[in-house]
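Sequence first, then the predicted structure, then my questions.
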Amino acid sequence: MRSGYRKGWNVKKTAIVIVLFIFALCALQPTPAAGCTVAVVSGKATPDGRPLLWKNRDSGNEANKVMFFEGGKYKFIGVVNADDDDGEEVWAGTNSAGFCIMNAASYNVNQEAKEKDGDKRRMDEEGTFMKLALGGCGTVDDFQKLLDDTKNDRGVEANFGVIDAHGGAAFFETDNDGYVRFDADDPKVAPEGYIVRTNFSYSGKPNDGAGYIRFDRMSKLFHDAVGLNGIDKNWLLLSASRDMVNGLTGIDPLAQTPPAHARDRRLFYMADSIARNTACSTVVFQGVLPAEDAGRTIMWTRLGHPLCSVTLPLWVAGGPEMRLTTGEENAPIDRFALYWLDRIFPLRGGSRGRYLDLAPLHNSADGGNLNRLIEIEEQILQRIDGLLKSAEITEVKLISIQKEAEELTIDLLRRVFPEAAAHAGM
């Protein structure tokens, strides 16, 4: 035995203690519920040349739905909290001009206002601001003008990501008074054609904010993806948005020896992973090529935790026809996800809710739910991609494709998850 080691102690145990110590420190730090993991991808980094906008939404509001809006200059659809009956706040959306927007809260901007005004400062108005933008902005430049026009008259602290139907793709790190624009097709800013963000801004106070561990993990994932096949919506939906790896410790729940069965509880800390415990929806906006009709912009929407749900394609034209993603109180697909959420995050009280039980998702007995959900989502993506390639695309056709996607999803979920589908009212 080496000097300095107690009997039975070894390097592996030392590593375990270090990991537990890191987690204990993390538990003492504030973990903003409205975290969000986001990216803007220019057409330079995608296989088909269409820009993408991605948001894994984190929120204390677990229930979401999508609403259709007709007010303002443009019609639009957007994700709202299920209890927001009037749709006063939109957390990601697209409009009839092909303009798309989402955000991630930034916790290191507005520092002077925080010190000067304290709790009296305007804040938490990102949802109402994005609704305003969707109703009136047609391009990325229109959004910049809106920021100019609302200087000193907006209560926001956010990284806003936007794309448009003309190839525009940018982030705006924004506070009440100003903003800094980062274009995803600017080689000086984004040499690989994409920009990722979490809950800090480069223009904000250094080493402040949140989400650095998720940022590091996402940066690696995107860099590797660009070097392989480019960044596409399938990779974002099927893989990146469901990533469970802790970027600091390197622990991947799926790489561990799987639980024996669905009741063989195996817990993993998730607050610093992309598919973190507070994730409540995923949206990937797939833009159009400059020569294409802006109405073809797709809002791929997965309501509910990314490990508990599947995605559906939505178009502004099909907004009034939505079934699975909307409702008076909650959306059926979100109810389906919430059914599983309590099973994979079963603990309550303090920081216990940050721990994932892997067993229902991945186990040796029946494989677990995750592979089944991914297989269903793959079928949805394959079917929709085929319909979009083979048909003349009109608004009427888009509505028909959206309905077909809903019918396919209902059929698959009923067959594979009959109890959860019945609970969701499908």
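Looks like it arrived, so ask away. Numbering: from 1, shown residues only.

what's stretch 135-144 in contact with?
69, 71-74, 76, 95, 97-99, 101, 133, 146, 160, 162-166, 168-170, 172, 179, 181 (CB atoms under 8 Å, 6 or more residues apart in numbering). Placement of C-beta: from N, CA and C, glycine included.

mind listing the helices for the stretch 201-350 of the chain?
212-228, 233-238, 332-344 (DSSP state H, counting those that start in this stretch).

Now tabulate those helices in a markdown table and tack on distance to residue 289 and mean pLDDT.
Formatted as a markdown table, the helices of the stretch 201-350 of the chain follow (distance: least, CB to CB, whole Å; pLDDT from 0 to 100):
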| stretch | distance to residue 289 | mean pLDDT |
| --- | --- | --- |
| helix 212-228 | 20 | 96 |
| helix 233-238 | 14 | 98 |
| helix 332-344 | 29 | 97 |
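
closest to residue 375 out of the ones you listed?
Smallest distance to residue 375 across the helices of the stretch 201-350 of the chain (CB to CB): 10.1 Å, for helix 233-238.

Filter the contacts of stretch 135-144 down to the ones in helices?
Among the contacts of stretch 135-144, DSSP state H puts 133, 146 in helices.

how about the residue nearest in space to the middle of the chain, what does it touch?
The residue lying closest to the centre of the chain (CA atoms, centre = their mean) is residue 56, at 1.2 Å. Shown in contact with residue 56 (CB under 8 Å, 6+ apart): 36, 37, 38, 241, 274, 275, 279, 281, 282, 306.

Could you list the low-pLDDT ranges of the stretch 51-200 of the chain?
The stretch 51-200 of the chain contains residues with pLDDT under 70 at 111-120.

Setting aside sequence neighbours, what's the nearest residue to the residue nearest to the centre of the chain?
residue 37 (4.4 Å; CB to CB, 6 or more residues apart in numbering).

Kindly report the same for residue 151.
Per CB to CB, 6+ apart, closest to residue 151 is residue 177, 6.3 Å.

Residue 150 is in contact with the one you found, correct?
No. With contact defined as CB atoms under 8 Å, residue 177 does not reach residue 150; the gap is 10.2 Å.

what ranges do the strands span in the stretch 51-200 of the chain?
Applying DSSP state E, counting those that start in this stretch to the stretch 51-200 of the chain gives strands spanning 52-58, 64-69, 76-81, 92-95, 100-105, 158-163, 169-174, 179-183, 194-197.

Residue 254 is nearest to which of those?
Closest among the strands of the stretch 51-200 of the chain, using CB to CB: strand 52-58, at 17.5 Å.

follow-up on the earlier one: possible to save the helices of the stretch 201-350 of the chain as TSV with mean neighbour count?
Formatted as TSV, those follow (neighbours: other CB atoms under 10 Å):
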stretch	mean neighbour count
helix 212-228	17
helix 233-238	22
helix 332-344	22
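
Turn these into TSV, columns for distance to residue 91.
Converted to TSV, these look like this (distance: least, CB to CB, whole Å):
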stretch	distance to residue 91
helix 212-228	18
helix 233-238	17
helix 332-344	13
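
Are any of the contacts of stretch 135-144 buried, and if so which?
Buried members of these, scored by 16 or more other CB atoms under 10 Å, are 69, 74, 76, 95, 97-99, 101, 133, 146, 160, 162-166, 168-170, 172, 179, 181.

nearest to residue 267, of the helices of the stretch 201-350 of the chain?
helix 332-344 (10.5 Å).

what's the neighbour count on residue 94?
Applying other CB atoms under 10 Å, we find 31 other residues in the vicinity of residue 94.

Not counting residues beside it along the chain, what's closest to it?
residue 100 (4.2 Å).

Show me what that neighbour bridges to in the sheet.
Using DSSP bridges, the bridge partners assigned to residue 100 are residue 94, residue 163.

Run a quick neighbour tally on it.
For residue 100, the tally of surrounding residues (other CB under 10 Å) stands at 32.

so who does it touch?
Per CB under 8 Å, 6+ apart, neighbours of residue 100: 53, 92, 93, 94, 162, 163, 164, 285, 287, 297, 299.

repeat for residue 178
Residue 178 neighbours (CB under 8 Å, 6+ apart): residue 151.

Return the backbone torsion pair for it.
phi -150, psi -170 (degrees, to the nearest 10).

Could you check how far residue 417 is from residue 300?
21 Å (CB to CB, to the nearest Å).

Of those two, give the one with the bigger neighbour count.
For the pair residue 417 and residue 300, the greater number of neighbours falls to residue 300 (23 against 20), based on other CB under 10 Å.

returning to what we had before: okay, the strands of the stretch 51-200 of the chain in CSV with distance to residue 371 next?
Shown next, in CSV, are the strands of the stretch 51-200 of the chain (distance: least, CB to CB, whole Å):
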stretch, distance to residue 371
strand 52-58, 20
strand 64-69, 24
strand 76-81, 26
strand 92-95, 27
strand 100-105, 28
strand 158-163, 30
strand 169-174, 33
strand 179-183, 37
strand 194-197, 27
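
Out of these, which is closest to residue 258?
Using CB to CB, the nearest of those to residue 258 is strand 52-58, at 24.4 Å.

Could I get the buried residue list for that closest one?
Buried residues in strand 52-58 (16+ other CB under 10 Å): 52, 53, 54, 55, 56, 57, 58.

re the thing from before, just name the closest of the contacts of residue 56 to residue 127, please.
Closest to residue 127, out of all of these and judged by CB to CB, is residue 36, at 12.2 Å.
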